[in-house]
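A.B. asks: Turn this into a structure:
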Amino acid sequence: MKSKIVYLSLCACLALEASENLEAITITSATKSEKRVDGVAASVIVITQEEIQNSHAGRLRDLFENLPSLTLQNGAFPSASAKNKSALSIRGLGSSGTLLLIDGKRLAGEVKNPYDLDRIPLSIIERIEIIKGPSSALYGSDAMGGVINIITKAPTKEVEGSFGLRGESSYKGEGFEGMSDLDIRGKKEKFSYALSGSILEGAGQEESKVANVYAKHPVSGAKVKPSTHPLPALQNNVKDFYAVQESLTEEATVYNLNTKFQYEFTEALTAGVDFSFMKEEREGDYIGNYHPSNYGSGGNKIPLYNIPVKSEDSNRRTHWGTHFKAKLTPDLTLFGQAYQSKYKKRNSTSALYWEDMGYASKEASASNGMDANVKVSAYESYLQYLAAQSHLLTLGGEYRDETREGTVFNQEGTMETKKVDYKAFYFQDEWEASDRWNWLFGVRYDDISNADSKTTFKIGTHYALSDSLRLRSSFSQGYRTADIRELYISKQTPVGLQLGSEVIRGVKTSAYDLKPEFVNAYEIGLGGRLDAWSYDLALFYNDIKDKIEMVRYPAYYTFENIADARTLGIEATLGYAWSDSLKSSLGWMELRSENRETKEDLLLTPLRTVRLKTEYEPLPRLILGATLRHVGAQEYELSDLSDNVHRYKAKADTFLDLSIDYTIEGSKRYKLFGGMNNVLGEKVDENILANRGRVMYAGLRYFF
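C.D. replies: Below is the predicted model:
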């Protein structure tokens, strides 16, 4: 019945997915030069500051789940808490193939950035530029599926800013989360600045679960109930079942501070520095796949499975950067930036029922810690030259090194360091063949210390027959080298034993040569505007070679190239303004994927994603909103008691969100807002997404 509601609604009301005023919006991430978004030879989404505010979203995750082109993939991090942390996949190319940037800079953090969708404050964002499709010809490794560049608020000529408050909880009042933020920007003569800070406090939301506990038999190795285990101490103390209040969201405190300073030395030379700091404390209770008991002899402690655990995180990130822009001649400009991002993670996973498991204290039961120190240092410079008034040439180079010191590289839990560095050169030609026709040619060479060097290309064209019909097509290449975790992890984690491709240990008796995955991507599209209508249509095909995936074996997980794969699909956005007070919006993606060896769908890749939104302004400055979201069926894998891997299909889900927004005009401006997400109370497969049920929120923003 809910599927019928989706399709009937789509037939009744079609609209634009992103901005209404495309002509007024420019984008820089696609080419490193400023271009109108409707003149780019690629599929792009620009989310403006106004749209972010009107979305009422509390986190990046809330914002991105409304974009059909993006898929949230949980379980991207080897922790018991992975089920409520999301990473992003673009067009089915996986979360590892999505490059997340802030002001064009990479972040030090966990692999795939699963925490960052919950801790990057929306209040600092000027706009978000999303490039769909491979962008390795400009950004190198990790941009295989696309790029998400978060542009933070820039200094302004006049002093301005805002203060915001937002709170949310389940409709039963559980899991309250409060956020507050303040930003101020301005300029004094040649010096300009942007300052912001935010605080998030979350109480955590829980649901009652029962842990069905098993223990490893010391002789057969089979998983048996504790009550039947041959070791008396374990049999008499560890229960077969435990009640646990499992976390849907974690207790969390997150502080963010962001600064930008810029100085205009001359009309031809500007330079700036930026600094940011993030502090985060999180904890939650979960049913862990694995945790050792304190029963056994010597170092051979008997492992328990499906056992309640507490996960605690204490994380810090500091970032500094500097940049400059020098106009050397009227046609030649030099850009440069250098930055360093440092991340310190301290994680502890302890037993909830530590006494039953034979430990003297909770601290003594702590295991599976995933402590890490991560440092990313990068230097980049490029020249842009306007040749013959029709060719904008970009020539640049980049050096980046990444160091990861962590406890996940050995079973002893001691710190071990892994390093990788990247050197790259790139060239791009933006050719304005005529007032209506432009071309883009790009090539990049990457030399990587732990993988083969790679050269990637991109060619695209855009032709405007009129404002109502714009055609585009492109061929682009992307690649991704295996990350340090995929190569070297050697850890019994709460979700199971993970062994990197290079690791030889126990039942894994040989190393695996993990090659970079590579994609050739083809796209054709058209779009335009006609009176109250707007539309965009794109067909894409991604041919993937040597795709890297986590592979489950009976006793462990590892990472391998799963042969070749492909994804193909169609994206559509349509729009219609019924009147000045009534507008609607639709985005739709049909996606098909295949592992060419097994002929199975790629995991966590929904067949269909849809977003339909309608906004009605019955009174001046009062806006009522309704959004219908549909996420299609998708497949995932689980292991049984014998460690055999089985594939399951999660059903399609449909969500209805309602909102209200009122702006008070006067000498100052106040915005009041509220709403409820998942009004229908849709139940989501817990192996896909933590199911919070109905969520209410309210807030205000004061502009000065």
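
A.B. asks: From one end of stretch 223-230 to the other, what's the distance?
C.D. replies: End-to-end distance of stretch 223-230: 12 Å, with Cα to Cα, to the nearest Å as the criterion.

A.B. asks: quick one: buried residues of it?
C.D. replies: Neighbour-count burial for stretch 223-230 flags 223, 226, 229 (criterion: 16 or more other Cβ atoms under 10 Å). Bear in mind the C-beta positions are built from the backbone N, C-alpha and C, glycine included.

A.B. asks: Can you give the distance from it to the centre of its chain?
C.D. replies: Its chain's C-alpha centre and that of stretch 223-230 lie 41 Å apart, by Cα atoms, centre = their mean, to the nearest Å.

A.B. asks: do the same with stretch 320-337
C.D. replies: The answer for stretch 320-337 is 30 Å, by Cα atoms, centre = their mean.

A.B. asks: got the buried residues for that stretch?
C.D. replies: 321, 323-326, 333-337.

A.B. asks: And stretch 287-305, by the same measure?
C.D. replies: 287-296, 301-305.

A.B. asks: so how many other residues sit close to residue 625?
C.D. replies: When counting by other Cβ atoms under 10 Å, one arrives at 20 neighbours for residue 625.

A.B. asks: now swap in the one 3 residues further on and tell me
C.D. replies: A count of neighbours around residue 628, defined by other Cβ under 10 Å, yields 21.

A.B. asks: now do residue 162
C.D. replies: Neighbourhood size, residue 162 [other Cβ under 10 Å]: 20.

A.B. asks: Without its sequence neighbours, what residue ends up closest to it?
C.D. replies: residue 703 (4.8 Å; Cβ to Cβ, 6 or more residues apart in numbering).

A.B. asks: Let's see whichever strand or helix holds residue 492 as CSV, backbone CA atoms only.
C.D. replies: In this structure, residue 492 is located in strand 490-493 according to DSSP states H and E. Provided in CSV are the C-alpha atoms of strand 490-493 (Å, rounded to 0.1, in the frame of the first residue of the first chain):
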residue,chain,number,x,y,z
SER,A,490,44.8,-7.6,12.2
LYS,A,491,42.2,-7.4,14.9
GLN,A,492,39.4,-9.4,16.6
THR,A,493,36.8,-6.7,16.5
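
A.B. asks: Direction included, what does it pair up with?
C.D. replies: Pairing partners of strand 490-493, with direction, according to DSSP bridges: strand 496-499 (antiparallel).

A.B. asks: How far off centre is the strand it pairs with?
C.D. replies: 23 Å.

A.B. asks: Name the residues that touch that strand?
C.D. replies: For strand 496-499, contacts defined as Cβ atoms under 8 Å, 6 or more residues apart in numbering pick out 78, 289-290, 408, 489-491, 505, 508, 550, 555-558, 639.

A.B. asks: still on that earlier bit, so which of the buried residues of stretch 287-305 sit within strands?
C.D. replies: Of the buried residues of stretch 287-305, the ones assigned to strands by DSSP state E are 287-296, 301-305.

A.B. asks: Tell me the one among those residues nearest to residue 622.
C.D. replies: Residue 622 lies nearest to residue 287 out of those, by Cβ to Cβ, at 45.3 Å.

A.B. asks: wait, doesn't that closest one sit right on residue 307?
C.D. replies: Yes - the pair residue 287 and residue 307 qualifies as a contact (Cβ atoms under 8 Å) at a distance of 7.2 Å.

A.B. asks: Touching both of the two, which residues are there?
C.D. replies: residue 211.

A.B. asks: and residue 137, which of the three is it?
C.D. replies: The assignment at residue 137 comes out as helix when based on DSSP: H, G, I helix; E, B strand; the rest coil.

A.B. asks: Look up how far residue 144 lies from it.
C.D. replies: Separation of residue 137 from residue 144 (Cβ to Cβ, to the nearest Å): 11 Å.

A.B. asks: of those two, who's got more company?
C.D. replies: Counted by other Cβ under 10 Å, residue 137 and residue 144 do not tie: residue 144 has more neighbours, with 31 against 24.

A.B. asks: That one: what's it in contact with?
C.D. replies: Residue 144 makes contacts with 93-94, 96-97, 134, 136, 478-480, 517-519, as judged by Cβ under 8 Å, 6+ apart.

A.B. asks: Now the two most distant members of the contacts of strand 496-499.
C.D. replies: Maximum pairwise distance among the contacts of strand 496-499 (Cβ to Cβ): 20.4 Å, between 408 and 639.

A.B. asks: ok, those two, which is more surrounded?
C.D. replies: Higher neighbour count among residue 408 and residue 639: residue 408, with 25 against 15, using other Cβ under 10 Å.

A.B. asks: State the distance from the more buried one to residue 488.
C.D. replies: Using Cβ to Cβ, one gets 8 Å for the distance from residue 408 to residue 488.

A.B. asks: next one: residue 237
C.D. replies: Look at residue 237 and residue 488: by Cβ to Cβ, they are 36 Å apart.

A.B. asks: More neighbours: the two, which one.
C.D. replies: More crowded of residue 237 and residue 488, by other Cβ under 10 Å: residue 488, with 22 against 16.

A.B. asks: Once you drop chain neighbours, what's closest to residue 251?
C.D. replies: Nearest in space to residue 251, with sequence neighbours left out and distances taken as Cβ to Cβ, 6+ apart, is residue 204 at 4.0 Å.

A.B. asks: For the one you found, the count of nearby residues, please.
C.D. replies: Residue 204 - counted by other Cβ under 10 Å - has 20 other residues nearby.

A.B. asks: On the three-state scheme, residue 129 is what?
C.D. replies: What three-state DSSP gives for residue 129 is strand.

A.B. asks: shouldn't it be in contact with residue 29?
C.D. replies: Yes - counting by Cβ under 8 Å, residue 29 is a contact partner of residue 129 at 4.1 Å.

A.B. asks: anything in contact with each of the two?
C.D. replies: Joint contacts of residue 129 and residue 29 (Cβ under 8 Å, 6+ apart) are 44, 147, 149.

A.B. asks: Make a markdown table out of these and add distance to residue 699, pLDDT and neighbour count.
C.D. replies: Output for those, formatted as a markdown table (distance: Cβ to Cβ, whole Å; pLDDT from 0 to 100; neighbours: other Cβ atoms under 10 Å):
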| residue | distance to residue 699 | pLDDT | neighbour count |
| --- | --- | --- | --- |
| 44 | 29 | 92 | 23 |
| 147 | 30 | 95 | 25 |
| 149 | 26 | 96 | 22 |
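
A.B. asks: ok so, going back, from the buried residues of stretch 320-337, which land in strands?
C.D. replies: Judged by DSSP E, the buried residues of stretch 320-337 include 321, 323-326, 333-337 as members of strands.

A.B. asks: Doesn't residue 392 belong to a strand?
C.D. replies: Yes - according to three-state DSSP, residue 392 belongs to a strand.

A.B. asks: Looking at the residue nearest to it when sequence neighbours are not counted now. What's its pLDDT?
C.D. replies: Nearest residue to residue 392, sequence neighbours excluded (Cβ to Cβ, 6+ apart): residue 430, at 4.2 Å. Note for residue 430: predicted pLDDT of 96.

A.B. asks: Could you say which helix or strand holds residue 430?
C.D. replies: Assessed by DSSP H and E, residue 430 sits inside strand 416-432.

A.B. asks: Of the contacts of residue 144 - the most surrounded one?
C.D. replies: For the contacts of residue 144, neighbours were counted using other Cβ under 10 Å, and residue 134 has the most, 33 neighbours in all.

A.B. asks: List the contacts of that residue.
C.D. replies: Contact analysis of residue 134 by Cβ under 8 Å, 6+ apart lists 143-146, 456, 458, 476-478, 519, 521, 542.

A.B. asks: Residue 150 in helix, strand or coil?
C.D. replies: Put simply, residue 150 is strand when judged by three-state DSSP.
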